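1. Here is my input; please provide its structure:
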Amino acid sequence: MSSTDAAPDRVGALLAEHAALETELADPAVHAHASRARRLGRRYAQLAPLVETKRALDAVREDLAAAREFAAEDASFAAEATALEQRVPELEAQLRELLLPKDPDDDKDVILEIKAGEGGAESALFAGDLLRMYLRYAERRGWATEVLDAVPADLGGYKDVAIAVKSRSDEGIWSRLKFEGGVHRVQRVPVTESQGRIHTSAVGVLVLPEAEEVDVTVDPNDLRIDVFRSSGPGGQSVNTTDSAVRITHLPTGIVVSSQNEKSQLQNRESALRVLRSRLLAAAREDAAAAASDQRRSQVRTVDRSERVRTYNFPESRISDHRVGFKAHNLDQVLDGELDPVIDALTRAHTAELLAAGS
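-> Residues are numbered from 1 along each chain as shown. This is a model prediction of the structure:
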């Protein structure tokens with residue numbers, strides 16, 4: 001018996017869920033609530049590959065039974081049966097992969113934060129390079145981006161920048177970007193280096209599934225909200241009013257700020273979006289504290305020793321140390337061609353899940 005046959009109840013439940021979603025999405029009343037319709041549509045799209053694979057497997061098994069029955073009378077059916085026999089295990093393996101436990105956040109949009117670390121001005125410059133890389137990647141994928149907060153550095157780049165990345169379709173962004181969290185190390189000759197020596201700097205990347213209000217309830221009494229004047233490089237004021245907002249979540253000590261918008265109200269909402277996402281991530285990590293999940297690679301301190309990826313400019317090389325991925329097309333990667341490395345990380349994670357379930 002195959003492992004897919006060993007879980008008929010799970011397959012049947014998912015097929016029934018897909019059918020129920022199809023009925024629900026056909027109801028015009030559902031689409032009067034955009035957020036709900038979007039959530040249902042994403043789940044429907046998430047289940048579609050499993051439904052298609054199960055239908056294909058059932059059809060191949062039926063065809064195989066028929067081909068075997070007629071093979072004794074017609075040799076051409078024997079050849080067809082041989083081909084179908086090879087197709088069955090392929091579809092079973094595909095179905096096994098689709099039945100792996102899903103990250104509950106895979107269909108969510110994300111908030112991505114980039115923080116300069118060791119390396120001073122050079123780290124801030126590279127933070128700017130990484131921001132451009134993710135913006136270009138989002139553009140290539142057809143995603144929408146929004147800068148929620150940005151603290152520019154004196155010589156260019158950013159000390160800290162946060163962006164929201166949103167899908168314009170049913171594609172979940174967390175499923176693609178969740179492995180980007182960690183310390184990204186750069187090796188190159190800084191623009192401030194007069195003797196041509198290669199320096200190593202570190203930038204921290206934190207990726208959070210964006211929380212909707214239904215995911216996290218924030219009690220206004222748990223918040224301390226401070227307002228201040230937005231500042232640019234060198235501390236110079238870029239606004240004449242106290243529009244920047246800093247929110248402290250008193251129970252957890254989490255502090256978020258936003259100064260990118262001219263309106264205090266807009267900055268407050270941006271900061272709350274980041275806060276909700278951090279609280280959701282913290283709650284999920286606490287719930288999975290006893291398990292080893294993919295978020296263990298998220299950055300804790302921006303220390304070069306905790307690197308997940310290295311960008312070596314002299315050799316035009318990118319190396320992801322978690323899966324041994326290497327490529328010598330650094331310019332293209334920094335221009336947003338991230339799919340090869342993300343695909344390698346996704347394949348490795350899937351292999352881990354399959355091994356754990358075998």
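
2. May I see the buried residues of whatever helix or strand Gln332 lives in?
-> In the assignment (DSSP states H and E), Gln332 maps to helix 330-334. Within helix 330-334, the residues that qualify as buried are Leu330, Val333, Leu334, counting by 16 or more other Cβ atoms under 10 Å. Bear in mind the C-beta positions are built from the backbone N, C-alpha and C, glycine included.

3. Tell me which stretches of the stretch 151-300 of the chain form helices.
-> 174-177, 264-287 (DSSP state H, counting those that start in this stretch).

4. hang on, the earlier thing: just curious, which of the buried residues of helix 330-334 is nearest to Leu47?
-> Nearest to Leu47 among the buried residues of helix 330-334, counting by Cβ to Cβ, is Val333 at 32.5 Å.

5. after the biggest helix by length in the chain comes which helix or strand?
-> Looking across the chain with DSSP state H, the single longest helix is helix 34-71. The element immediately downstream of helix 34-71 (helix or strand, assigned by DSSP H and E) is helix 75-98.

6. Let me have the helices of the stretch 151-300 of the chain in a markdown table, extended by mean pLDDT.
-> Converted to a markdown table, these look like this (pLDDT from 0 to 100):
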| stretch | mean pLDDT |
| --- | --- |
| helix 174-177 | 92 |
| helix 264-287 | 84 |
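
7. CA atoms of whichever helix or strand comes after the helix holding Gln332 as CSV?
-> Remark: after helix 330-334, the chain's next helix or strand is helix 339-357, criterion DSSP H and E. Coordinates of each C-alpha in helix 339-357 appear next as CSV, following Å, rounded to 0.1, in the frame of the first residue of the first chain:
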residue,chain,number,x,y,z
ASP,A,339,14.1,32.3,-7.9
PRO,A,340,17.0,29.8,-8.2
VAL,A,341,18.2,30.2,-4.6
ILE,A,342,14.7,30.3,-3.2
ASP,A,343,13.8,27.2,-5.2
ALA,A,344,16.8,25.4,-3.7
LEU,A,345,15.8,26.3,-0.2
THR,A,346,12.2,25.2,-0.9
ARG,A,347,13.3,21.9,-2.3
ALA,A,348,15.6,21.2,0.7
HIS,A,349,12.8,22.0,3.1
THR,A,350,10.4,19.7,1.3
ALA,A,351,13.0,16.9,1.4
GLU,A,352,13.3,17.4,5.1
LEU,A,353,9.6,17.1,5.6
LEU,A,354,9.4,13.9,3.4
ALA,A,355,12.3,12.4,5.4
ALA,A,356,10.7,13.2,8.7
GLY,A,357,7.4,11.6,7.5
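
8. Rounded mean pLDDT for helix 339-357, please.
-> Helix 339-357 carries an average pLDDT of 88.

9. List the buried residues of that helix.
-> The neighbour-count criterion (16+ other Cβ under 10 Å) identifies Val341, Ile342, Ala344, Leu345, Thr346, His349 as the buried residues of helix 339-357.

10. Please state the offset of stretch 138-150 from the chain centre?
-> 13 Å (Cα atoms, centre = their mean, to the nearest Å).

11. thinking again about what came up before, who are the packing partners of the helix holding Gln332?
-> Helices and strands touching helix 330-334, by 3 or more Cβ pairs under 8 Å, 6 or more residues apart in numbering; DSSP states H and E, are helix 121-141, strand 307-312, strand 317-320.

12. Residues in contact with it: which ones?
-> With Cβ atoms under 8 Å, 6 or more residues apart in numbering as the contact definition, helix 330-334 has outside contacts at Asp129, Arg132, Met133, Tyr311, Asn312, Phe313, Ser316, Arg317, Ile318, Ala327, Val341.

13. how about a cut-off of 6 Å?
-> Helix 330-334 has contacts (Cβ atoms under 6 Å, 6 or more residues apart in numbering) with Asp129, Met133, Ser316, Ile318.

14. Just the buried subset of the residues you listed, please.
-> Buried among the contacts of helix 330-334 by 16+ other Cβ under 10 Å: Asp129, Met133, Ile318.

15. Which residue is the nearest non-sequential neighbour of Arg61?
-> Val88 (6.5 Å; Cβ to Cβ, 6 or more residues apart in numbering).
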